[in-house]
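In: With the input below, show me the fold.
(chains A and B)
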Amino acid sequence: MSGTPTPPPQESDAQKLELARQFIEKIPHSRALSMRVDAIGGGAAVISMPYDLRLVGDPRSGVIHGGAVSALMDTCCGAAVMSHPEAPAGTATIDLRIDYMRAATPGQRITARAECYHITRSVAFVRATAHDEEAGLPVASATGAFTVERPKGGAQ
Amino acid sequence: MSRPKPEPVQIVKQRRDAALRTLVSGVPYIQFLGIEFDRRGDELTATLPFDEKLIGNPLLPALHGGVTAAFLEVTAIIELSWSLLWEDVEAGRIDLTSLDPMHLPRLPKTIDFSVDYLRSGLPRDAYARARVNRSGRRYASVHVEAWQDNRTRMFAQATGHFVMPDPGNG
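Out: Residues are numbered from 1 along each chain as shown, chains lettered A, B, ... in the order given. Below is the predicted model of the structure:
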């Protein structure tokens, strides 16, 4: 970001992030999947969820359903947008594409990492990956576009 | 001209409904979201009855975008599996008494899934229908539409690509 001489005080930033964490962990569907915000700030977010038998998509292998991975990715991408320094007042998904590279290993926690790599007055562009507890090839990757809602009467 | 006497309608319905029930009830995640399937002949309609745990934005309130994506993906996979199962069910080639979740036909695997969010999902029931646009030996392409109060006002649509299950492994 360009050098604006008056950065907002650190403390209010920390408070803002704590608020974001609380907000995300209170979303009913995030709670239903036991999502945990591991890190958030500066247009990036890390959110994880535990393995859960209720989320299995293939009873023979015990692999988590792709839909549950989508829910994690969508939440993480939205959180990354909300934490961007040009902080939108709100955001909603315009589109989200997920590529499934391999099955997540049953029993392992799934962690999504999302980055809002570009934001305009009206659109935020986001990419994300999801890993189980094995490093290396992600379980899935995602790209999405999100709305940027400006506060009413805001300068932008 | 002679043709075999048609089977009694209730026998046909029983066989189709049993196959569909086995397909759907074997997947824990479908039960978790509460998704149900209605059948008219071979046409399926998925219903996602509203529940508090499906909310993604408590302020509006609106359905979680991830729930919408999951609902569409479940509908696409069941439609595709159903279309693969249909001929065997019709020909009576599947022994429905021995079908349990652990002996289900293998499900197609999602390669990619792309969701287009058209308007926010309201806190009420949602419906979806999928159309298999291409179903080859190895790959399939499926399109899904979801709506709530009005069939012509979609709130989301999606296209997904799938790897077909191994036919020898069914």
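In: Centre of the chain to stretch A:99-114, how far?
Out: Remark: stretch A:99-114 is offset 14 Å from the chain centroid, using C-alpha atoms, centre = their mean, to the nearest Å.
In: To clarify, my last question referred to stretch A:70-78.
Out: 5 Å.
In: do the same with stretch B:36-47
Out: So, by C-alpha atoms, centre = their mean, the centroid of stretch B:36-47 is 8 Å from its chain's centroid.
In: same thing with stretch A:137-153?
Out: Using C-alpha atoms, centre = their mean, the offset of stretch A:137-153 from its chain centre is 8 Å.
In: what pLDDT, on average, does that stretch get?
Out: Averaging pLDDT along stretch A:137-153 gives 90.
In: Count the residues that sit near the nearest residue in space to B:Asp42 that is not next to it in sequence.
Out: Nearest non-adjacent residue to B:Asp42, counting by C-beta to C-beta, 6 or more residues apart in numbering or on different chains: B:Trp86, 5.8 Å away. The way it works is simple: take the backbone N, C-alpha and C, and place the C-beta from them, glycine included. Residues near B:Trp86, counting by other C-beta atoms under 10 Å in any protein chain shown, number 13.
In: just B:Arg131 next, same as before
Out: Neighbouring residues of B:Arg131 were enumerated by other C-beta under 10 Å; the total is 12.
In: check contacts around it.
Out: Shown in contact with B:Arg131 (C-beta atoms under 8 Å, 6 or more residues apart in numbering or on different chains): B:Glu79, B:Val142, B:His143, B:Val144.
In: Spell out which parts of chain B neighbour chain A.
Out: For chain B, the residues in contact with chain A (C-beta under 8 Å from any C-beta of the partner chain) are B:26-29, B:31-33, B:52-58, B:62, B:64-67, B:69-71, B:73-74, B:101-102, B:104, B:106-107, B:109-117, B:120.
In: okay, the contacts of B:Arg131 in TSV with secondary structure, pLDDT and distance to A:Val81 next?
Out: Below are the contacts of B:Arg131 laid out as TSV (DSSP: H, G, I helix; E, B strand; the rest coil; pLDDT from 0 to 100; distance: C-beta to C-beta, whole Å):
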residue	secondary structure	pLDDT	distance to A:Val81
B:Glu79	helix	97	32
B:Val142	strand	98	29
B:His143	strand	98	27
B:Val144	strand	98	25
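In: So the residue nearest the centre of chain A versus A:His131, what's the distance?
Out: Chain A has A:Cys76 as the residue nearest its centroid, 0.9 Å off, counting by C-alpha atoms, centre = their mean. As judged by C-beta to C-beta, to the nearest Å, A:Cys76 and A:His131 stand 12 Å apart.
In: got any residues that touch both of those two?
Out: A:Arg113.
In: does residue 67 sit in a helix, a strand or a coil?
Out: Using chain A here. helix (DSSP: H, G, I helix; E, B strand; the rest coil).
In: try chain B instead
Out: State at B:Val67, reduced to three classes by three-state DSSP: helix.
In: Tell me which residues touch residue 32, please.
Out: Since no chain was named, I'll use chain A. A:Ala32 neighbours (C-beta under 8 Å, 6+ apart): B:Lys53, B:Leu54.
In: switch to chain B, that's the one I care about
Out: Shown in contact with B:Phe32 (C-beta under 8 Å, 6+ apart): A:Arg54, A:Leu55.
In: List the contacts of stretch B:18-28.
Out: A:53-59, A:65, B:30-31, B:35-37, B:39, B:44, B:74, B:78, B:81-82, B:85, B:89, B:94, B:96, B:99-101, B:104-105, B:107.
In: and that stretch, which residues are buried?
Out: B:Ala19, B:Leu20, B:Thr22, B:Leu23, B:Val24, B:Gly26, B:Val27, B:Pro28 (16 or more other C-beta atoms under 10 Å in any protein chain shown).
In: Which of the helices or strands spans the first one?
Out: What that stands for is B:Ala19. helix B:9-25 (DSSP states H and E).
In: List the residues that contact A:Ala20.
Out: Contact analysis of A:Ala20 by C-beta under 8 Å, 6+ apart lists A:Val37, A:Ile40, A:Ala79, A:Met82, A:Ser83.
In: most surrounded residue in the residues you listed?
Out: Among these, A:Ala79 has the most neighbours (other C-beta under 10 Å), with 29 neighbours.
In: That'll do, ta.
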